[in-house]
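**Student:** return a 3D structure for these sequence lines:
(one chain, ligands or ions: 1)
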Amino acid sequence: MFSAGAGQTLLTGQSSSIITVTRMTSGNMPIQSGQWIVTLSATSGTLYSDQYCTQPITGAITLNSGASTSFYYIATATGTPTITAQATPNYAPVSTTFTINNPTSITPLSSSTGFDDASNWALGWDTWANPPWTGTTDSTHVVSAPRSATSVRSNQGAFSSNPMDATGAKYITVSFEYMVYQTSSSDFQIRYSGTTATEYMSDMWTILGANGATLGSATGGTSAYTPGGTRHQYTATITDPAAFTTYFRLSFMSQDFDSRSQVWVDNVVITIYK
Ligand SMILES: [Ca+2]
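**Tutor:** Model prediction:
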């Protein structure tokens, strides 16, 4: 016997909750030992092996033991896609059907921030004494002219947006472009908060995902000062209900910098799907 779990209702682009397939005896006892090979397919959309949906599943999964394996899913179209798991040896295929809806609206507070105005950044990115990052017109590190936001050791710390109303949100997407120089894994992070605190230091911040915690380790970091240094694009989806308050805020954190370390961020887009 073989089970794949209940169907889920999602929006297009939204990461699913964990999906687990389990092999069992005819008496519903999990089968723990022996190799089995699982092949997953979906009538549309993409299956991923990780929670943050960065690693698409492209082939059969060989498991040498254990009764279950788990994965995640993102739909690309509305409708009722079917996800099917087949396994060898000697298991009948099993399917689960998801329901995929469109976001019904997009909050106007969804915002694109290019840090281009010298004195007035959208969403209050420049109004926090936390300490604020600064703007730079160094064109090598600017995606949208004339400015990007930047942090060095002397102004490292939290760099935050003003609160946005995310009440009733289904999910929130965040994207931005960034470059790093002489930073290590945790030196540059992205975080969010849905708390009511107005002081950045007393807020409860949540690090956004595994990749969001390690932006500083991006490849190309040591060559970012050279013309054409590597730009990185980051996109993440927040599905944590704790973020869906009237105080949703996004924050970049630069920390543990040495005298050479620097990061640049441009074109932050936050979209709240309600
Ligand atoms: Ca810009």
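
**Student:** what bridges to the nearest residue to Ala85 once chain neighbours are set aside?
**Tutor:** Closest residue in space to Ala85, ignoring its immediate chain neighbours: Val21 at 4.5 Å, by C-beta to C-beta, 6 or more residues apart in numbering. Every C-beta, even on glycine, is put in place using the N, C-alpha and C of the backbone. According to DSSP bridges, the residues that bridge with Val21 are Thr69.

**Student:** might one say that Val21 is in contact with Val94?
**Tutor:** Yes - taking C-beta atoms under 8 Å as the definition, Val21 is a contact partner of Val94 at 7.1 Å.

**Student:** looking at the two, which is more packed in?
**Tutor:** Neighbour count, other C-beta atoms under 10 Å: between Val21 and Val94, Val21 has more, with 24 against 17.

**Student:** lowest-confidence helix or strand of the chain?
**Tutor:** Least confident helix or strand of the chain, by mean pLDDT, DSSP states H and E, is helix 209-212 with a mean of 58.

**Student:** and the residue nearest to Ala85, how far from Gln8?
**Tutor:** Distance, Val21 to Gln8, by C-beta to C-beta, to the nearest Å: 14 Å.

**Student:** list the contacts for whichever residue of the stretch 151-274 of the chain sits closest to the ion?
**Tutor:** Closest to the ion within the stretch 151-274 of the chain is Asp266: 4.4 Å, counting by C-beta to the ion. Contact analysis of Asp266 by C-beta atoms under 8 Å, 6 or more residues apart in numbering lists 114-115, 142-144, 147-149, 176-178.

**Student:** can I get the residues you listed in a markdown table including neighbour count?
**Tutor:** Below are those laid out as a markdown table (neighbours: other C-beta atoms under 10 Å):
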| residue | neighbour count |
| --- | --- |
| Gly114 | 20 |
| Phe115 | 26 |
| Val142 | 23 |
| Val143 | 18 |
| Ser144 | 14 |
| Arg147 | 23 |
| Ser148 | 28 |
| Ala149 | 26 |
| Phe176 | 24 |
| Glu177 | 20 |
| Tyr178 | 25 |
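
**Student:** of those residues, which ones also sit close to the ion?
**Tutor:** Among the contacts of Asp266, the residues lying close to the ion (C-beta under 5 Å from the ion) are 114-115, 144, 147.

**Student:** check the burial of Gln32 by counting its neighbours.
**Tutor:** Neighbour count for Gln32, taken as other C-beta under 10 Å: 10.

**Student:** hmm, I was thinking of Thr134
**Tutor:** Thr134: 15 neighbours (other C-beta under 10 Å).

**Student:** what's the answer for Thr196, then?
**Tutor:** Neighbourhood size, Thr196 [other C-beta under 10 Å]: 10.

**Student:** surely it is in contact with Tyr247?
**Tutor:** Yes - contact status for Thr196 versus Tyr247: in contact at 5.3 Å, counting by C-beta under 8 Å.

**Student:** next to the ion, which bits of the stretch 1-150 of the chain? Give me the list.
**Tutor:** 114-116, 144, 147.
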